[in-house]
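*Asks:* Just to be clear, the model below is a prediction. Sequence and coordinates:
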Amino acid sequence: MSYLTVSNLAKRFGDSVILDDLSFTIERGEFVTLLGSSGCGKSTLLRCIAGLTQPDSGYIQVDNENITFAPAQHRGIGMVFQSYALFPNMTVEANISFGLNLRKMDKEVVQEKVRQAIARVELQGKEKNMPHELSGGQRQRVALARALVMEPRILLLDEPLSALDARIRRHLRQQIRQLQQELQLTTIFVTHDQEEALSMSDRIFLMNQGRIEQSGSPEQLYARPNSNMVAQFMGTYNFLDAGNTQRWLGLQTLNGVAVRAEAIILDHPSLSFGKKVSQPIASIITEKHLLGSVVRCKVMAENTVLTVDSLNNQFLPKLDIGSKVYLRIDPCECVLLDH
């Protein structure tokens, strides 16, 4: 029996369908990311699980307990918001201990639990600070500690990193993942950032218009998207229509194929190829961008624009815009699209 079961969940706001007969299961200790663009229903789903929004139909079950209409405070679920939602007139220590004090726990027990929570999120020395005296990253760690100190059955994280700068975001996502693994805490993380989803998750649910378009491991969604929509969201993919797929790769398909930018090879003398790789495809470079360790080129191949990512190393020729190049594609790297 799965730890969390969501079955036939539906939610409308007026004429808008937000959750459309949604069903899935999550195992105990799993880290699942709800990924998708704004308005796809991921935050509403999180609020239904937390008890902050009531679904119109369907049910939610945790550890064999139906919690669909249980009060939020009785669900044993912790939630961290993008906006931190800290009490501005309370210290770090008081914010973290707030929920424990509501339970009327022994003062010494509360102090020890708060001490452990502060240590987990590396905020020692900030116990007496007020929220306005902390950085954005520190405030988010207080919000995380406040949720963890309650020892929730499930931890929900609603885009907790989106308001932070890139360096702090990278550090915090590593910290969140480490804590989740140490505590073996069932966690659902909401984001629209595919890099966050790929780097943190056991499984990703890619949502689209209130439904799960595809679910699976990060590797599965990135390397084997099942639709044009998933391929566009999960990486820099090129789409070859049925004609180019037949002409260049010798493959017959109804909907064409998707191929990642890094799976297209710029042909030059230092490279050798196996028999499975396509014959050279004559192309012209129309754009060139340095992305640190990667050089991204836009090329025109027989009236088709393709994106090609190549490692920025000594073997990459000095290519200029307008240069004639040849491309090679391995059919094994192509993904057949269902739709």
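*Replies:* On my side now, so go ahead. Bear in mind that the values here come from a model prediction, so they are computed numbers and not experimental data.

*Asks:* packing partners for the host helix or strand of L157?
*Replies:* Taking DSSP states H and E as the criterion, L157 maps to strand 154-158. Strand 154-158 is packed against helix 42-50, strand 77-80, strand 186-191, with contacts defined by 3 or more CB pairs under 8 Å, 6 or more residues apart in numbering; DSSP states H and E. Every C-beta, even on glycine, is put in place using the N, C-alpha and C of the backbone.

*Asks:* possible to save those as TSV with mean neighbour count, mean pLDDT and distance to L290?
*Replies:* As requested, these are exported to TSV (neighbours: other CB atoms under 10 Å; pLDDT from 0 to 100; distance: least, CB to CB, whole Å):
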stretch	mean neighbour count	mean pLDDT	distance to L290
helix 42-50	22	96	34
strand 77-80	24	93	37
strand 186-191	24	96	27
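
*Asks:* Out of the ones you listed, which gets nearest to V32?
*Replies:* strand 186-191 (5.3 Å; CB to CB).

*Asks:* picking up where we left off before, what's next to the strand holding L157, contact-wise?
*Replies:* Contact with strand 154-158 is made by 4, 43, 46, 49-50, 62, 76-82, 147-148, 176, 180, 185-190, as judged by CB atoms under 8 Å, 6 or more residues apart in numbering.

*Asks:* try it again with 7 Å
*Replies:* With contact meaning CB atoms under 7 Å, 6 or more residues apart in numbering, strand 154-158 is reached by 4, 43, 46, 49-50, 62, 77-82, 147, 185-190.

*Asks:* if we can go back for a sec, closest one to A282 among the helices and strands packed on strand 154-158?
*Replies:* Nearest to A282 among the helices and strands packed on strand 154-158 is strand 186-191 (40.5 Å), distances taken as CB to CB.

*Asks:* Can you check what angle separates that closest one from strand 154-158?
*Replies:* Put simply, strand 186-191 runs at 10 degrees to strand 154-158, going by axes from the mean of the first three to the mean of the last three CA atoms, to 10 degrees.

*Asks:* going on from strand 186-191, what's the next piece of helix or strand?
*Replies:* Per DSSP H and E, the first helix or strand lying C-terminal to strand 186-191 is helix 194-200.

*Asks:* Show me what that following helix is in contact with.
*Replies:* Residues contacting helix 194-200 (CB under 7 Å, 6+ apart): 31, 33, 35, 161, 173, 177, 189, 191, 204, 218, 222, 233-234.

*Asks:* Could you tell me which of these belong to strands?
*Replies:* Mapping the contacts of helix 194-200 onto strands (DSSP state E) picks out 31, 33, 35, 189, 191, 204.

*Asks:* So what would you say the end-to-end distance of stretch 29-49 is?
*Replies:* 16 Å (CA to CA, to the nearest Å).

*Asks:* quick check, nearest of the ones in strands among the contacts of helix 194-200 to L102?
*Replies:* Closest to L102, out of all of these and judged by CB to CB, is F189, at 26.0 Å.

*Asks:* confidence score at C332?
*Replies:* For C332, the pLDDT comes out at 84.

*Asks:* Is it in a helix, a strand, or coil?
*Replies:* When classified by DSSP: H, G, I helix; E, B strand; the rest coil, C332 comes out as helix.

*Asks:* ok, it to I285 distance?
*Replies:* Counting by CB to CB, to the nearest Å, the gap from C332 to I285 is 25 Å.

*Asks:* In terms of neighbours, single out the busier of those two.
*Replies:* A direct count of neighbours by other CB atoms under 10 Å for C332 and I285 places I285 higher, at 18 against 8.

*Asks:* Tell me who's in contact with the more buried one.
*Replies:* 297, 299, 319, 321-323, 325.

*Asks:* Just the buried subset of those residues, please.
*Replies:* Neighbour-count burial within the contacts of I285 applies to 297, 299, 319, 325; the criterion is 16 or more other CB atoms under 10 Å.

*Asks:* Which neighbours in the sheet does the helix or strand where the last one lies have, and how are they oriented?
*Replies:* To tie it back to what came earlier, the one meant is V325. In the assignment (DSSP H and E), V325 maps to strand 324-329. Its sheet considered, strand 324-329 pairs with strand 264-267 (antiparallel), strand 281-291 (antiparallel) by DSSP bridges.

*Asks:* buried ones in the last one?
*Replies:* Neighbour-count burial for strand 281-291, with 16+ other CB under 10 Å as criterion, is recorded at 281, 283, 285, 288.

*Asks:* what's the answer for stretch 216-226, then?
*Replies:* 216, 218, 221-222, 224-226.

*Asks:* Ends of it, what's the gap?
*Replies:* Start and end residues of stretch 216-226 are separated by 11 Å (CA to CA).

*Asks:* And for stretch 123-136?
*Replies:* Across its full length, stretch 123-136 reaches 13 Å between end residues, using CA to CA.

*Asks:* pLDDT on the strand or helix carrying R170, on average?
*Replies:* Using DSSP H and E, R170 sits within helix 166-183. Mean pLDDT, helix 166-183: 89.
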